[in-house]
Each structure stands twice: as C-alpha cells, then as structure tokens.
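Enquirer: sequence plus the predicted model coming up.
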Amino acid sequence: MELTRQIVENWWHIPVLMGLILVYGFLLNRLLFRPVSRVLDERRQAVREASGLSARSKDELQSRFAQYEQAILEARRKASGVKEAARHEAYAYRTALLDQVRA
C-alpha cells in the first residue's frame with residue numbers, strides 16, 4: 001500500500017525516467033553501437049575481399065598445376081618415344097651386326 005501511494009504522489013518521475021532512458025538509448029546508439037557496427041562491417045568486407053583473393057589464387061594455382069601435369073605427361077610421352085626409337089635402332093643395329101657375323 002505504501003508503494004502504491006508513493007507511485008501516485010510521484011507520478012511525474014515515470015515520464016522523466018522514460019525520457020532519460022530514450023536519451024541514453026540514443027546516445028549509446030550514436031556513440032557506441034554505430035561505430036562498433038561500422039568496424040564490424042569493415043572487417044566483414046575485408047574478410048570477403050581476402051576470401052575472394054584466396055579463391056582466385058587457388059584457381060590460378062590449380063590452373064598452373066594442371067599445366068604442369070600436362071607438361072610432365074607430354075615430356076614422359078616424348079621420353080617414351082625417344083626410348084622406343086633408341087631401342088628399335090639398337091635392335092636394328094644388333095640384327096645387322098649378327099647378320100654380318102653370320103655371313
């Protein structure tokens with residue numbers, strides 16, 4: 001009962017407190033939340049840019065690795081061809097030499 005009587009007698013405190021809460025809310029938003037939000041947005045943007053750069057680097061690396069693998073494969077094919085030609089030449093030389101020895 002005492003609390004109710006005090007509230008009725010001092011009713012004007014309620015709008016004052018509500019006004020103060022609104023002013024503090026406005027100041028906190030302006031001085032704290034907006035700058036922090038701006039910093040977080042800039043950080044998110046930097047992370048997105050870094051992620052994009054990383055993805056491009058990864059794609060470029062995969063492309064270069066594919067070119068490297070293709071070059072290695074082509075070099076192995078050429079080496080196999082050279083070895084096979086040398087083998088045929090050696091067999092031909094051996095056959096010719098054996099024919100000379102037999103004759």
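Expert: Done, it's in. Numbers count the residues shown, from 1 in each chain.
Enquirer: pLDDT below threshold where in this structure?
Expert: By pLDDT under 70, the chain contains no weakly predicted segment.
Enquirer: in which helix or strand does Val101 reside?
Expert: Per DSSP states H and E, Val101 falls inside helix 34-102.
Enquirer: how far off centre is the helix or strand that contains Thr4?
Expert: For Thr4, the host element (DSSP H and E) is helix 2-9. Helix 2-9 sits 63 Å away from the centroid of its parent chain (CA atoms, centre = their mean, to the nearest Å).
Enquirer: what packs against the very next helix or strand once past that helix?
Expert: Downstream of helix 2-9, the first helix or strand assigned by DSSP H and E is helix 13-28. Packing partners of helix 13-28 (3 or more CB pairs under 8 Å, 6 or more residues apart in numbering; DSSP states H and E): none among the helices and strands. Bear in mind the C-beta positions are built from the backbone N, C-alpha and C, glycine included.
Enquirer: how about helix 13-28: buried residues?
Expert: Judged by neighbour count (16 or more other CB atoms under 10 Å), helix 13-28 contains no buried residues.
Enquirer: just the C-alpha atoms of that helix, please, in PDB.
Expert: Below are the C-alpha coordinates for helix 13-28, written out as PDB (Å, rounded to 0.1, in the frame of the first residue of the first chain):
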ATOM      1  CA  HIS A  13       9.000  10.500 -12.200                       C
ATOM      2  CA  ILE A  14       7.800   7.900 -14.700                       C
ATOM      3  CA  PRO A  15       7.900  10.200 -17.800                       C
ATOM      4  CA  VAL A  16      11.200  11.700 -16.700                       C
ATOM      5  CA  LEU A  17      12.700   8.200 -16.400                       C
ATOM      6  CA  MET A  18      11.300   7.200 -19.700                       C
ATOM      7  CA  GLY A  19      12.800  10.300 -21.300                       C
ATOM      8  CA  LEU A  20      16.200   9.600 -19.700                       C
ATOM      9  CA  ILE A  21      16.100   6.000 -21.000                       C
ATOM     10  CA  LEU A  22      15.300   7.300 -24.500                       C
ATOM     11  CA  VAL A  23      18.200   9.900 -24.300                       C
ATOM     12  CA  TYR A  24      20.600   7.200 -23.000                       C
ATOM     13  CA  GLY A  25      19.500   4.800 -25.700                       C
ATOM     14  CA  PHE A  26      20.000   7.500 -28.400                       C
ATOM     15  CA  LEU A  27      23.500   8.400 -27.000                       C
ATOM     16  CA  LEU A  28      24.600   4.800 -26.700                       C
END
